[in-house]
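K.L.:
The sequence and its predicted three-dimensional model are supplied below.
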Amino acid sequence: MQDILRRFCAYGMEYKDHKGYTHDWVTLLPEVHLTYNTTQGSTTGKTPSLVEKGKHSVFPVSLIKPYFQTEEDKLPSRNTNPTPPERVEGEDSPGPVRKIIRARNIRLNGKDQRQYFVRFKNQTADKNQWLAEDAIPYENLHLRRFRASMRTEQSHQL
């Protein structure tokens, strides 16, 4: 290996091969690495990767298989994701929403999501919950009120 690298480095950063083409020796190192690792040694009669790992280095077949379209690729407008079940009022929420207190942005499953800290009617403050925008019953009314209150707070701070 030292001899191979010495020959590459002896020409400096750029050299001309026997046909007169100029090469950068750094870009040729992967080829030298592959050539060295796939050449059988004179003492063992095996390649270095076979001696070191006990098996021949294999290129993944999945990267050289031909690509075939799946049904999902053929019909991109078709929605294959199952729809979430309908939300029943009062199923997992303590009751109707009284007020939205705060908002935050979080990342769930690789997607940004806006959540709101909600106070429910006839509930104490310890029952407040963070809910996604689509999980708030009558979301338009409550969100409009919350956003209007945020605008007035910001204008008072100026």
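P.N.:
Arrived safely, thanks for sending. Numbering: from 1, shown residues only.
K.L.:
Helix or strand next in line after the longest strand seen in the chain, which one?
P.N.:
Longest strand in the chain by number of residues, with DSSP state E as the criterion: strand 97-108. Proceeding C-terminally, strand 97-108 gives way to strand 111-120 as the next helix or strand, assigned by DSSP states H and E.
K.L.:
And for the helix or strand just after that next one, what's in contact with it?
P.N.:
Remark: after strand 111-120, the chain's next helix or strand is strand 129-132, criterion DSSP H and E. Outside of strand 129-132, the residues that reach it under the criterion Cβ atoms under 8 Å, 6 or more residues apart in numbering are 93-94, 104, 113-118, 120. Every residue, glycine included, has its C-beta placed from N, CA and C.
K.L.:
which of those residues tops the neighbour count?
P.N.:
Of all those, residue 118 has the most neighbours under the rule other Cβ atoms under 10 Å, reaching 24 neighbours.
K.L.:
quick one: contacts for that residue?
P.N.:
Contacts for residue 118 (Cβ under 8 Å, 6+ apart) come out as 97, 99-101, 128-131, 136, 142.
K.L.:
And residue 41, by the same measure?
P.N.:
When contacts are counted by Cβ under 8 Å, 6+ apart, residue 41 touches 47-48, 51.
K.L.:
any idea how far residue 48 is from it?
P.N.:
Using Cβ to Cβ, to the nearest Å, one gets 7 Å for the distance from residue 41 to residue 48.
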